[in-house]
Each structure stands twice: as C-alpha cells, then as structure tokens.
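1. following is a predicted model, sequence given first.
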Amino acid sequence: MKKYQLGEFEEVVLLTVGVLYKEAYGVSIKKDIETRLSRNVSVGALQTALRRLEDKGYLTSYDGEATEERAGRPKRYFQITALGKKALEYTKSTRDELWKAIPKMALNLKMIG
Amino acid sequence: MKSSPPKLFLNFFRWFCHPKLRDHIEGDLIELYEERVKELGKRKANQKFIIDVLLLFRPGIIRTRNQYSFLTILILMNLFKHYLVVAFRNIKRHKSFAAINIAGLALGMICCFLIFLWVRDEKAIDNFHEKGKNIYGVYQTYVHNGGADGFYITPMRYTDTSRIYRLEHIEKNIPEIEGVAFYAAGYDLPWGHPETFQVGSKIFKLEGSRANENFLSMFSFPLIAGDRNTALRDLHSLAISRKMALIFFDSPEDAIGKSIRFENRIDMNITAVFEDVTPQSSLQFDYLISWVTQEKERLDLASDDIRSYVLLRNNADVHATEANINRHLKSLGFTMLDGTINIGLQPFGERYLHSNFKNGKPANGRVVYVNIFTGVAIFILIIAAINFMNLATARSIRRAKEVGVRKVVGSSRLYLINQFLGESILLSFLAFLVSILTLNFILPLFNLFAGKHIVLPIDQPLYWLSLIGIMLFTGLVAGSYPALFLSSLRPSSVLKGVVRFTSASIFFRKGLSVFQFSLSIVLLIATVVVSLQTKFVQNINLGYDRENLIYIRIEGDLNLKYAAFKTKAESMSGIALVDRSTETPHSMGFVTSDPIHWEGQREGQLVGFKPASVGFDFVRLMDLKLAEGRGFSRDFATDSASAFIINEEAIKEMGIKDPIGKWISAWRKKGQIIGVLKDYHTGSMHEKIRPVILDVKEYEYFGVIMVRTEPGKTNEALASLENVCKDINPNYPFAYQFVDQEYEKLYQNEKLIAKLTNVSAVLAILISCLGLLGLVMFSAEQRTKEFGIRKVLGATVTNIAKLLSQDFIKLILISFCIAAPVAGYFMHEWLQEFEFKIYLSWWIFALAGGVALLIAMLTISYQAIRAALVNPVNNLKSE
C-alpha cells in the first residue's frame, strides 16, 4: 500500500505552490507551470488537481483580497501543509532510491538504443 | 471599455460549478480573460474562455446531486406538486373546457395514429425480403414519336410453338446479375381466375401463380417444408401454402410428395409448402406452379402481365447493369421498328407505391395517397393543437389573475412558461391515454374499412417512442402560445382587472381559426367531390344492364356441353337468358390492333379494338342498344361464320361511312358488319370507351357464361344454376360472380379514398368547431361588460347574439375564399385520373361552404345566445 498518493500532475502543482510560496493562487500557479514546464494547463485540470490535493490534506487555502481585474471575486491562496511536504519528500526519496537501483549499464544501453 | 466574457458560458459555469468554488474560479477565469483580451484580442480570448469553461465541466468541480441545496430540491418538488395540483384543480373546475380540450386532442391523435399506422403499413409492403435491396423489377420504356410509355412487361419473343424469354439465363452473360425470376399471377384480369385442385373427393378453387425456379430462393417467403432452391425446378412441381395444404391434407409436412390434380387435367407433385403469404406482400398466391409446367403444358396465362425480377450482386451498379442488359438484348435483336425500347430496373420495394409511369419511367402511384394522408394526419394534429391554443387563451382571463399574483410573489417568467407547458403536456398525456385506449377498439374497424391487417406494434420500442414523441410534440405546440402569452402579462394591469390583448395577438388567434376552417373546408370539398365521383361511376348508365347479371367461368365440360347447359338453364326458374362471351363485359382487358382490317382502311392505319366472341343472344342479354343494323341471330345461317358487330366509337376511329355490309376481318375470320352498337362501357371510368368488335363463336374454350336472372329471383336462379352445373360439370366446384359487384370492385381505391376523406373531414370540422367554440367563449368573456351595458340600454338578445356572431361569420367567409381555390385545384387534378367524371360545378363549393358555415353558426349561436341571455346585473355589479 502506498503511503502517500501523489500523481505526476499533482506533484507538479504541489511543487509550484511551494515555489510561489505566498503568491500561489489559480492564475499564478497556472502561469508558473506553463512557463517553467512549457506545457498547457487548463483551468479545469488545475482546479481539479488543487481540489484533490486539498482533500488529501496536502494543501490548505484561504481567501485573499478581491481586485478589480477579477470583477470583485476573491483570490484563493494555497499553501503546502506539513503533510504535503512529507508527501513531496516521500515521492522524492522513492524516486531517488529507484534511480540508485538502476544498473549503470541499463541506462547507457537505453540511451544508446 | 471593459469587455466581458461570453454571458452564456459564464452562466453555464455558474450553474454547474460547485458553490464553494464558484467565486474564486470565476475570479481566475475573469482575470485570465482580461489578460487574454489585452494580449490576443477579444475573439481569441472568448474562444479560450469557452474552452476553459467546457474543460471545467468535470467531476470535482461540478456540484454533485446532494450539493444542490436540499432546500432547492424541496422547493422544486413542492413547485412541481403545486403545478400538478393547480392543473388538476383547473381541469376539475372547468370540466367542460377540459373535456373539450382532451376530446379535441384525443380526436386529433387518434386520427393521426391511425393514418400513421396505415402509412407505415403501406410503406412496409414488399419490404420484408432479405435480399430485397438487391431485387429489381424489370420494366420497359418504349420511346416512339414524341412520347414515352412504360410497362412492366417481360421481354419475350413468340415462335410458332413457344415463348422465348429474352432474360432467361441472362446471368450467364451479365456478371452483375445473380439470377432472374419470372412470376405471373394466375388470377389477374382479364383471363385469370381461381383454379381448381382436386385430391380424392376434395375439390377446391384457389388463387395462385406461376413462378420459375429462382423465385423462391430470391424472395424470402418462409418455407415450412421442401427445398427452396429446387422446389420449382421440375415439370409438374407445385409449391402450396399452409392454408392449401391444410385444406387437402392433414398437415403441411404431410403434403410433401403428394399428388394433386390441377384443373382436372394435370397431376402435380407437391414439392414445397410455404407459410401463408403475409398481407405485407404485394405478390399474393396460394400456390406456385413451376414455370416449366406452364410452358410445357401450355397453361393459360391470366394476362400479358408476366413480371421479371432480377437479383443483382451485392455491390452491382444499377445503371451499369441496365446498360449491360440493354446492350445484350440489342445484340439479340430486341428492337422496335417504330421507336426505341429499353429495359429499366426498379427496386422491388418501391414497386408497390410507385407503379405509375411517367415518360416511360416509374413515377408515382399509390405513394401520392400515402403522402396526401400523411399531410392530412399532420394537419389534423395541428388543427387539434391550434384548438387547444385557442381554448387556453380564451381561458386566460380566468388565469390572468393567477399569473398576476404569481408574478407579484416572485415567480419568474420561466417558471410560468414551465407551468403552462407542463399543464398542456399533462392534458395531452390524458388525451394520449384516451386515444391509445380508443385505438385498441377502433383498429379492427379501421382494418375492415381500409382492407388492412394492421396490428398495434406494441412490442416495438420505436413505436412507443414515436407515439410519445407525437404526444410531447402536440403538448408543446399546443402549450407554446398560451404559455408565452400568459407569462407575458403585466401583473400591474392584470391585477387592476384590465387584460388587454394586443391586436396582434387577436389577429394571431383569428388567423389560427381561419387556417383551421380553411383546412376543414378543403377536406369537406374533397369529401363532396370524391363521394360524388364515386357515386357517379357506380350509378352511371354503362350502356348495358348490369343488374341481375351473373357470370360463370367456362371450364371443364361447360364449353363442350354449352348448348345443353343453355337449354337446361333457361328452362329453370329464376333464369331469363343464358349467353356467353370470351371477355367479362364489365372489364374487357384485351386490346389489339394488328389482326383487324376493314374495308376502307388506310395504309398503316391502326385502331385498337377490344375483341370478344359471344353467343347469339349477347346483345339481347346485355340489353345493348343498336344504333344501326341488327344483332346476331340464328335465323341467318351466315351469322356464326361471317357476321361482325362493332360500336360507334369503332366507326369513328375507323373513319368509315355506311358501315353496314362492309367487310371486316379479325385474325383469319372475314365477314360483314351487320350491326353497330351504341357505345357502352367495357372498363372502368378511368379509361375512355374504345372500339369494340364482336363476333359469334360458341365454341371458344375460355371466357364466361353469362346468366340474366329474373329480378328478385336471384336465390332461385343461383340454386338452379348450381344444379345445372353439378349435373353438366361435376368435376368443378360451382362458382359465380355478379357483374354489378365486380364492376364496383374496379373502384376499390376510390372507395378507400372516399372513406378516408369522409372521416378526415368529419374530424377536421369537429375539431375546428371546438376551436371556434373556444374563440367565441373568449370573445364573450371579453365583452361581458359591454354586453351588460348594451342590455341595460335596451339591446335585445338577438342584437347581442348577432353582434357576437358576425365577426366569426366573417372568419368563415375568409376561410372559404382561401379553401375554395386550393380544393378546386386539387380536386381538378384528382379528377384527371378519370375519363368520365363529374363537372366541378359551383354548387359543390357552395355546399361545402354552406355546411361549414351552418355548423359554425350552430356552434357560435349557442355561445352567443348564452352570453346574451345573462342578466346584466350579474355582469355589471362587480365594479
């Protein structure tokens, strides 16, 4: 059984929230992922991921200020929770272990092939 | 200037989005949108916005069921229940209104369902064969000076001893063709008849056909026993129906291999038994005689009407195949001297509905009626829906206050529209129930009346879907106007007690009524014309006396013992006179021109004659009138050898004067014209009177014996005839026909049309009157106060009734002006099918208009008088 469930896209979102630190809300997360990873992110996909992460307890959120360009709608800021951080660390360490476990030859072959 | 994202999609988003997420996601969307407008322009931004919204429509973001607030559901449920309660209360309170509404809708629906069932059945005919889409019927297009004719004729060549079918084995020459089937009905006019079969002491007459060995394998008539590929291959093989098998044998399987005697002449072997042919097939037969038998035994053909059907390979191109067939036949010498002849292929499934030829190609036919009645069905349903609209709007005064209160309390227009649409759908649902129940009872009657075997296809979901579709459609159409109209009322004015209808809305409703009545009057006129024409063709003086005239087919010993039969029969009670003819007099089908020549015939002059060989007493028996000369007589020794009688039309077309004594010849017989008959009808009123040529031959082996019975002694005469027949012709069952009945059978199509138009017209008028009733009620309610004041000031009941009526009379008159030319045009077209027809005189239109007016007046005056009789005190006291 997996200890921490974290999908690839979820991981990206979670990391980006970390990167943006206090400035992580819908639009900024979307733009950050788009520029850093040069991949398109739809509002729908992002929001679903955020929702799932929040449900798992990796993120918390709070309402921010309402600005004019948002027609008076508040921003919703996201923050990584301690559990979220653990999940990230766990994912990273499992990846590292896997990396270490690969024999050098296999990788080389793979690259040549 | 600030631009805003597409409203529709924003609203859509707001609607589906989980309320908790709505605000900030919307904020994100708007922020992004603003940016994109600046960067990419409004159009691109709009596009991206729409894509974003659509991509947001996913689980996790959409609110789930239980997230609709419980309260909302409660309110919605309550509202729904409330609407239902209000609707039922309304029905209960205004029982007559509701009854009129439901009855009107139900009538419309029943009519519509019936017609659709009929149409469905018509369209299903011949479409059950598995290989059906690859089967084509062969027709010929004969192009000659300036015109083109089409016939379903099988290309044939006659040699002295046999017929050669040019399409036989054509599959060997044309690869696209898998096989050719020949089929000839044995009972078709002019010479066809039920044929006699005998097993032991059982003798029966049955109607069947001849078909070649490919027939059963091409068409999928289900077989009970036998091999469909070989059943009709051999000489004397015979396939029979279940019904026929059970007549002669214990079981269908039992019949296989048994021998059965045909026409007391040939013993046939039963090689297959098929299920009784379904009424959905246009080819009907109780037995199939193999083609070889027909050709080798030289069985009589009922008519020239031999049909060929070809089965194409799966992906064969029809036009290419046609061209190949024609090329092949040309190479075999299939040509005409005075024109060109071509073979065409028509999909077998289309033949039943498209059997008339236009410019040598199959064009329309029964499909015209199918289309007309589909139209009528739709129109009747529309009339019924309009009716509902009118009644509902008429009632709107009563409902207006309700609408006002609802609006004040906060109901949106949408809710009101839903409410009224819901009500109309509820009513149409009730009407639907009524009509389905009634349909069950009516269908057997309808089948009897339309000569159909329709069963309700209750096991087919599609059928229910379409019925429910019709119901919903009716409900929506009927409810649309009242819903829009009522929901548009302004609460302020409604609650003050003033409901003003714009002139546009009044015009609209009057327009609906005019439309209804125009349709009704068109149908009325059609009814009058069709029934007059049907009466006309049935009562027209045919030029001979068709009452008390019976005919019996000449078969067995009747020909050889004719003289004995005649003497014996004429001596018996009830029988006045006996004679014979090679053709049945009411429908002489044989027309020929080549074998007939006469004195004074111009080079190349051809006249299509209907020839018949008769007995000496024919003229007397038929009660034909002579224009010149004399009838056949035994007193002249030469009459049987060289006497001819022709009719006036013949003289006209031959172009001769003083015909008596001139020579004329038919085939090898040459003689003099001894008499000229006044023209009489030898076919249906669809065809003109043709030249007739008669001679005496009391020895032809085919034809009919005709018996003139004494008036009122038909039963005695039949008993006598049966005795004589049993005596002289014991191997054949006694069968007879009445000429007058057979004559009427020529007009079965017309009778069906007459029945359908009658029913539709009655229904249409009925439904229209219901609509008119609604309008009058509405008008009366609108003007209650006015009438009250008028009465106080001294107006009489008549004054007021007149005042109320005259508006509507005007509507009827306008409808009439619209309907008369339309109906005139259609009926004129219809009458073109007849050579002998009634004149479309003005009184037909006047009659229909008058009837419509009268019925409308009755409807109106009832309401008008009721409105006028009300005590003004009641009307005026409320303010």
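-> It's in. Numbers count the residues shown, from 1 in each chain, chains lettered A, B, ... in the order given.

2. so who does the residue of chain B found nearest chain A touch?
-> Taking C-beta to the nearest C-beta as the measure, chain B has residue B:27 as its residue closest to chain A, at 2.9 Å. (Glycine included, C-beta is placed from N, CA and C.) Taking C-beta atoms under 8 Å, 6 or more residues apart in numbering or on different chains as the criterion, residue B:27 is in contact with A:26, A:66, A:70-71, A:73-76.

3. and if you look at residue B:310?
-> By C-beta under 8 Å, 6+ apart, the contact set of residue B:310 is B:135-136, B:138, B:167, B:170, B:177, B:179-181, B:321, B:345.

4. at 10 Å instead, please
-> Residues near residue B:310 by C-beta atoms under 10 Å, 6 or more residues apart in numbering or on different chains: B:134-138, B:167, B:170-171, B:174, B:176-181, B:214, B:218, B:316, B:321-322, B:325, B:343, B:345, B:348.

5. secondary structure element holding the residue of chain B closest to chain A?
-> Taking DSSP states H and E as the definition, residue B:27 sits inside helix B:19-40.

6. can I get that helix in PDB? Just the C-alpha atoms.
-> C-alpha atoms of helix B:19-40 as PDB (Å, rounded to 0.1, in the frame of the first residue of the first chain):
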ATOM      1  CA  PRO B  19     -21.000  26.900  -5.000                       C
ATOM      2  CA  LYS B  20     -17.900  26.800  -2.800                       C
ATOM      3  CA  LEU B  21     -15.600  27.000  -5.700                       C
ATOM      4  CA  ARG B  22     -17.700  29.300  -7.800                       C
ATOM      5  CA  ASP B  23     -16.400  32.700  -6.700                       C
ATOM      6  CA  HIS B  24     -12.600  32.200  -6.900                       C
ATOM      7  CA  ILE B  25     -12.600  30.100 -10.000                       C
ATOM      8  CA  GLU B  26     -14.800  32.700 -11.700                       C
ATOM      9  CA  GLY B  27     -12.300  35.300 -10.500                       C
ATOM     10  CA  ASP B  28      -9.500  33.300 -12.000                       C
ATOM     11  CA  LEU B  29     -11.400  32.900 -15.300                       C
ATOM     12  CA  ILE B  30     -12.100  36.600 -15.500                       C
ATOM     13  CA  GLU B  31      -8.600  37.600 -14.600                       C
ATOM     14  CA  LEU B  32      -7.300  35.300 -17.400                       C
ATOM     15  CA  TYR B  33      -9.900  36.600 -19.800                       C
ATOM     16  CA  GLU B  34      -8.900  40.200 -19.200                       C
ATOM     17  CA  GLU B  35      -5.300  39.400 -19.800                       C
ATOM     18  CA  ARG B  36      -6.000  37.500 -22.900                       C
ATOM     19  CA  VAL B  37      -8.200  40.200 -24.300                       C
ATOM     20  CA  LYS B  38      -5.200  42.600 -24.000                       C
ATOM     21  CA  GLU B  39      -2.800  40.100 -25.500                       C
ATOM     22  CA  LEU B  40      -4.700  38.100 -28.100                       C
END
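
7. what sits up against the helix or strand just after that helix?
-> Helices and strands here follow DSSP H and E; after helix B:19-40, the next one along the chain is helix B:42-56. With C-beta under 10 Å, 6+ apart as the test, helix B:42-56 has contacts from A:42-48, B:3-6, B:8-14, B:16-17, B:21, B:25, B:28-30, B:32-40, B:61-62.

8. only whichever of the residues you listed are buried, select them in PyMOL.
-> A single PyMOL command selects the buried members of those (16 or more other C-beta atoms under 10 Å in any protein chain shown):
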select buried, (chain A and resi 42+43+44+45+46+47+48) or (chain B and resi 5+9+10+12+13+17+21+25+28+29+30+32+33+34+36+37+61)
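
9. tell me how far residue B:4 lies from residue B:57.
-> Computed as C-beta to C-beta, to the nearest Å, the residue B:4 to residue B:57 distance reads 20 Å.

10. near chain B, which residues of chain A are found?
-> Contacts of chain A with chain B, taken as C-beta under 10 Å from any C-beta of the partner chain, map to A:25-31, A:42-52, A:55, A:61, A:63-64, A:66-77.

11. restricted to strands, list these.
-> Among the residues of chain A next to chain B, the residues falling in strands (DSSP state E) are A:61, A:63-64, A:66, A:74-77.

12. where along chain A do the helices fall?
-> For chain A, the helices defined by DSSP state H cover A:8-20, A:26-37, A:43-56, A:82-101, A:104-112.

13. compute the inter-axis angle for the third one and helix A:26-37.
-> When axes from the mean of the first three to the mean of the last three C-alpha atoms, to 10 degrees is applied, the directions of helix A:43-56 and helix A:26-37 differ by 100 degrees.

14. since that was my last question, I'll sign off now.
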